[in-house]
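In: Build me a structure from this.
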Amino acid sequence: MARCSGSSSVLWIVLPVRNESAIIAWTLKTLRAFLVAEIHEPWRVIVADNASTDATRDVVREVAAHDVRIALLAFDRPGKGLAIRAGWEHALARNTDATPVFLFMDADLATDLRHIPELIAAIRGGVDVAIGSRFAHGAHVERSVARRIVSRANQLLLRLVFGLRVADAPCGFKAVHTRVVRELLPLVHDDRWFFDTELLIRSQRAGYRIVEIPVTWHEPRSGTGSLRKVLRITRTNLHAIRALARDR
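Out: Presented below is the predicted three-dimensional model:
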């Protein structure tokens, strides 16, 4: 794996991926171009591959060979949460600054990258958790009606069960302060799709400050397969919700 050298005030971005060989080269090229042009502080991108069986890792290695700021972190267990956790822990171990920004985003770049500086500014301004929101006032979203309904139902369930005051918990575009990684990350049990929602629940319980930033978001993968994936994730999340509710 390419080494990510530590540096003060580094922006660490984790991309959790699994079997994304079709898009990962485009993703890294697009993300790198944005970071070079718009982010005026050191940055590192960690592609956290969780058990890909296609050529994802080979593609990432090829891209990383041309830019030491991009690295591959690979392991053989599946899980989005596992990937984010491992990426942030890897970054934390290599950063000596008290206030780096830790961010993750979905590999399909469904959220407009121009919102990255807004997440950074929120964390630098004293917020503990900054999340992209497709339901906050001012958001612009291209999404099917079916997926909107599923998301709203998920939002209502989280509010009823946990009192979570967040409109868009599962949006894959979040940044956190170092103290969240140090103090709360070890308490998060879920290593799959519910990971970042559990992190929000625990952050709210701990009294950490959470802000939602309206984003421009487009549905990158349409069709019945996309909806089936959402429903499959929802079923997985329901199991995690029941487990977390029992532990309250």
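
In: For the most centrally placed residue in the chain, which residues are in contact?
Out: In the chain, the C-alpha nearest the mean C-alpha coordinate belongs to F104, at 3.3 Å (CA atoms, centre = their mean). Counting by CB atoms under 8 Å, 6 or more residues apart in numbering, F104 touches I13, V14, L15, P16, I84, G87, W88, G172, F173, K174, D196. In short, each C-beta sits where N, CA and C put it, glycine included.

In: 7 Å - rerun?
Out: Shown in contact with F104 (CB atoms under 7 Å, 6 or more residues apart in numbering): I13, V14, P16, I84, G87, K174.

In: Report the separation between the third one and G79.
Out: In other words, P16. Per CB to CB, to the nearest Å, P16 is found 8 Å from G79.

In: quick one: which of the two has more around it?
Out: More neighbours surround P16 than the other of P16 and G79, with 27 against 20 (other CB atoms under 10 Å).

In: picking that back up, list the strands paired with the helix or strand harbouring the residue nearest to the centre of the chain, with their directions.
Out: Here F104, judged by DSSP states H and E, is contained in strand 101-105. Neighbouring strands of strand 101-105 in its sheet, by DSSP bridges, are strand 11-17 (parallel), strand 173-177 (antiparallel).

In: Of all those strands, which one is nearest A130?
Out: strand 173-177 (4.7 Å; CB to CB).

In: For this structure, which segments are assigned as helices?
Out: Assigned helices in the chain, in chain order: 24-38, 56-64, 80-93, 116-124, 145-162, 178-183, 195-205, 224-246 (criterion: DSSP state H).

In: want to throw those helices into a markdown table with distance to A110 and mean neighbour count?
Out: Formatted as a markdown table, these follow (distance: least, CB to CB, whole Å; neighbours: other CB atoms under 10 Å):
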| stretch | distance to A110 | mean neighbour count |
| --- | --- | --- |
| helix 24-38 | 11 | 16 |
| helix 56-64 | 18 | 19 |
| helix 80-93 | 14 | 21 |
| helix 116-124 | 14 | 19 |
| helix 145-162 | 11 | 15 |
| helix 178-183 | 23 | 17 |
| helix 195-205 | 15 | 22 |
| helix 224-246 | 11 | 14 |
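
In: now those helices as a markdown table including mean pLDDT and distance to E212?
Out: Shown next, in a markdown table, are the helices of the chain (pLDDT from 0 to 100; distance: least, CB to CB, whole Å):
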| stretch | mean pLDDT | distance to E212 |
| --- | --- | --- |
| helix 24-38 | 98 | 22 |
| helix 56-64 | 98 | 31 |
| helix 80-93 | 96 | 19 |
| helix 116-124 | 97 | 10 |
| helix 145-162 | 84 | 12 |
| helix 178-183 | 95 | 16 |
| helix 195-205 | 96 | 10 |
| helix 224-246 | 60 | 19 |
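
In: which one of the contacts of F104 is nearest R57?
Out: Of all the contacts of F104, P16 has the smallest distance to R57: 13.6 Å, by CB to CB.

In: residue contacts, the residue lying closest to the closest one once chain neighbours are set aside?
Out: Ranked by CB to CB, 6 or more residues apart in numbering and with sequence neighbours excluded, the top spatial neighbour of P16 is A83, at 3.5 Å. When contacts are counted by CB under 7 Å, 6+ apart, A83 touches P16, A48, N50.
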